[in-house]
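1. have a look; sequence and predicted model below, questions after that.
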Amino acid sequence: MQTPHTYSVRKLKKQLKRHGILWVAARGKGGHGVFEGPNAAGEIQAFPLPSGQHKKEVTGTYLKALLRRFDLSEKVLNE
């Protein structure tokens, strides 16, 4: 499967939650939010998204990096 150009943030949160990766909203000033959870080795990882990416859709560039950070395959997006 090829990584989509854009992917719904709502669907992404739902899919990642199944793998123990949760969305943590930005605190204080700034617009970043963070996905936090374990990678394949069980180590807790964090992946920030700028405010422009976590409104409605995530671009393919951020999506690929996020999947890499948590050692997930693209199949996660179609579960």
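-> Done, it's in.
2. contacts only, for Leu72.
-> Taking Cβ atoms under 8 Å, 6 or more residues apart in numbering as the criterion, Leu72 is in contact with 19, 40. C-beta coordinates here come from the backbone N, C-alpha and C atoms, glycine included.
3. which SSE is it in?
-> Under DSSP states H and E, no helix or strand contains Leu72.
4. tell me the pLDDT at it?
-> In this prediction, Leu72 carries a pLDDT score of 93.
5. do you know how far it is from Lys64?
-> 11 Å (Cβ to Cβ, to the nearest Å).
6. Leu12 now?
-> 13 Å.
7. now do Tyr7
-> Tyr7 is 11 Å from Lys64, by Cβ to Cβ.
8. next one: Pro50
-> 16 Å.
9. neighbour-wise, which of Tyr7 and Lys64 wins?
-> The residue with more neighbours, out of Tyr7 and Lys64, is Tyr7; 18 against 12, by other Cβ atoms under 10 Å.
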